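K.L.:
no letters, just coordinates:
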């Protein structure tokens, strides 16, 4: 996990993590101790902390992920066990991921289900300036992830859909109810046949760290592997495309699949099938993408109001039909 953005004025000891701290320190090398705890912002599903350590060998930092929201606590064993397994797998690849230090997926020792990992260099970049250059790097990185060779035993679980026809809620103020109904009707069909590959499953700019500037910009880390799955490359492409449309406008979201293919990736040539995967992802953000907007605003994108995101999501869905239907 990378540095993200530091929280301010938060006392970690007031949030019920005494047992977690003891668990971390008991696993550290002798004479190494936690010197400082810094809350990290920008996440939605979990509470993130940077732990600055000091010992005879000097200073270093680790990142602690803890699930504290009831929904995620209920699913923590599967999520954290999966992430721990994936981080071990990625350690032998060229994908820049954190190194697993320890995991307590059932909160046997911790206050909350937790995973401890190395700190990756770099920061999240969500601003509009330089977004096109970063999208090129994102596309190349996603191709490398999808090409990871995994054995049948290493293969992660099959993907899970994050939208279903009965759960989609169109924006309350929409003037295009027929557009939303048309989109829902698409995902009401049986999923298209696909050739599976290794998916990050939550690949978007908020889960990628960058170092350098301008021409020297490079990806230094890909984080948040709790949803890693096996499924169509189109689905990862769809998720990043939706996020780019919401962050930077509809054209940015529509261009990403082309960038991915230009980087050597493969999506289905059947436009109807590709449209299914794109809409399956986009409808998971309805009605207004507020779930992702909260951490994005924490990282400086205060311009992403509910109204802006709703307009962009609706415009993106319309553009998907214009191109692929």
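P.N.:
Everything's here; your move. Keep in mind the model is a prediction, meaning the values are calculated, not measured.
K.L.:
so, low pLDDT: which residues of this protein?
P.N.:
Low-confidence segments of the chain, defined by pLDDT under 70: 1-15, 42.
K.L.:
how is it divided into domains?
P.N.:
17-118, 123-324 (the TED database).
K.L.:
can I get those in CSV with mean neighbour count?
P.N.:
The C-beta positions use only the backbone N, C-alpha and C, and glycine is treated the same way. As requested, those are exported to CSV (neighbours: other CB atoms under 10 Å):
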stretch, mean neighbour count
domain 17-118, 18
domain 123-324, 18
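K.L.:
show me what the lengthiest helix in the chain is packed against.
P.N.:
As assigned by DSSP state H, the longest helix anywhere in the chain is helix 306-324. For helix 306-324, the helices and strands in contact under the criterion 3 or more CB pairs under 8 Å, 6 or more residues apart in numbering; DSSP states H and E are helix 177-187, helix 233-248, helix 250-262, helix 271-282, helix 290-298.
K.L.:
nearest to residue 63, of those helices?
P.N.:
In terms of CB to CB, the element of the helices and strands packed on helix 306-324 nearest to residue 63 is helix 290-298, at 15.8 Å.
K.L.:
from the contact counts, what lies against the closest one?
P.N.:
Counting by 3+ CB pairs under 8 Å, 6+ apart, helix 290-298 packs on helix 233-248, helix 306-324.
K.L.:
run the chain-centre distance for the longest helix of the chain.
P.N.:
Relative to its chain's centre, helix 306-324 lies at 21 Å (CA atoms, centre = their mean, to the nearest Å).
K.L.:
check stretch 221-231 too.
P.N.:
On CA atoms, centre = their mean, the centre of stretch 221-231 falls 7 Å from that of its chain.
K.L.:
for stretch 242-250, same thing?
P.N.:
Remark: stretch 242-250 is offset 15 Å from the chain centroid, using CA atoms, centre = their mean.
K.L.:
check stretch 172-185 too.
P.N.:
That offset, for stretch 172-185, works out to 27 Å (CA atoms, centre = their mean).
K.L.:
now tell me what touches that stretch from outside.
P.N.:
Applying CB atoms under 8 Å, 6 or more residues apart in numbering, the set of residues contacting stretch 172-185 from outside is 165, 168, 170, 279, 282-283, 286-287, 310, 314, 317-318, 321.
K.L.:
before we move on, the earlier item: adding distance to residue 191, write the helices and strands packed on helix 290-298 out as TSV.
P.N.:
Shown next, in TSV, are those (distance: least, CB to CB, whole Å):
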stretch	distance to residue 191
helix 233-248	10
helix 306-324	16
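K.L.:
related to what we said a few turns ago, and of the contacts of stretch 172-185, the nearest to residue 45?
P.N.:
residue 286 (18.7 Å).
K.L.:
do I have it right that that closest one meets residue 313?
P.N.:
Yes: applying CB atoms under 8 Å, one finds residue 286 in contact with residue 313, separated by 6.9 Å.
K.L.:
joint contacts of the two?
P.N.:
Common neighbours of residue 286 and residue 313 (criterion: CB under 8 Å, 6+ apart): residue 171.
K.L.:
alright, calling it a day.
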